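Student: only the shape, not the letters, is given here:
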């Protein structure tokens, strides 16, 4: 796969996730569950905090976030039993949840819900952009550098054997 194809996939995936977050927020809004201030105050407080955190902190939280999310995918693949796989995934998801790290796609949903609610002026589209730009870049670095290249490097001897086998095979 060429890098141009990868970037195209990322862009379409990102746009699709934004549209999905908007639809999800609308569905949540239509349930009427967030009309009471006592219910939505926690969500709005979290969103306000995410929108007012420094870009540098968001960036590094996002790098660690996607590293953790990728570990949650790759490590269970190497385990044999379904129970062990589920436990490992749940452990990583729990770590992600309690860490306070930043994930662009998860934030899209959180922000979309907050924006359709009766929210304070501290929650805005500017805050969304302030968060999503450094978080998206950090997520890409965490996934590509910390996991993608490292995973390739660790598996390179295996990949070289496969490639050598292709070269030796009769045509």
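Tutor: Yep, it's here. Predicted model, so just to flag it, every value in this text is computed and none were measured.
Student: helix/strand/coil for residue 120?
Tutor: The three-state label given to residue 120 by DSSP: H, G, I helix; E, B strand; the rest coil is coil.
Student: residue contacts, the residue nearest to the spatial centre of the chain?
Tutor: The residue lying closest to the centre of the chain (CA atoms, centre = their mean) is residue 103, at 3.8 Å. Applying CB atoms under 8 Å, 6 or more residues apart in numbering to residue 103 gives the contacts 62, 65, 66, 69, 96, 135, 139. C-betas here are computed from N, CA, C, even on glycine.
Student: can you flag the buried ones in those residues?
Tutor: Listed as buried from the contacts of residue 103 are 62, 65, 66, 69, 96, 135, 139; burial here means 16 or more other CB atoms under 10 Å.
Student: do I have it right that the last one meets residue 67?
Tutor: No: in this structure residue 139 lies outside contact range of residue 67 using CB atoms under 8 Å: 9.4 Å.
Student: quick check: neighbours shared by those two?
Tutor: Counting by CB under 8 Å, 6+ apart, nothing touches both residue 139 and residue 67.
Student: restricted to helices, list the contacts of residue 103.
Tutor: Using DSSP state H, the members of the contacts of residue 103 that fall within helices are 62, 65, 66, 69, 96, 135, 139.
Student: just the helices from the chain, written as ranges.
Tutor: Under the criterion DSSP H, the chain carries helices at the ranges 3-31, 37-51, 55-77, 82-99, 104-116, 125-141, 150-168.
Student: show me what contacts residue 55?
Tutor: By CB under 8 Å, 6+ apart, the residues touching residue 55 are 130, 133, 134.
Student: let's see 7 Å
Tutor: 130, 134 (CB atoms under 7 Å, 6 or more residues apart in numbering).
Student: kindly report the same for the one 4 residues further on.
Tutor: Contact criterion CB under 7 Å, 6+ apart gives 134, 137, 138 as the residues in contact with residue 59.
Student: one more: residue 152?
Tutor: The contact partners of residue 152, by CB under 7 Å, 6+ apart, come to none.
Student: number of residues surrounding residue 15?
Tutor: As a burial measure, residue 15 scores 10 neighbours (other CB atoms under 10 Å).
Student: what does residue 134 give?
Tutor: Counted with other CB under 10 Å, residue 134 comes out at 23.
Student: look at it and report its pLDDT.
Tutor: At residue 134, the model reports a pLDDT of 98.
Student: what separation do you get for it and residue 18?
Tutor: Look at residue 134 and residue 18: by CB to CB, to the nearest Å, they are 17 Å apart.
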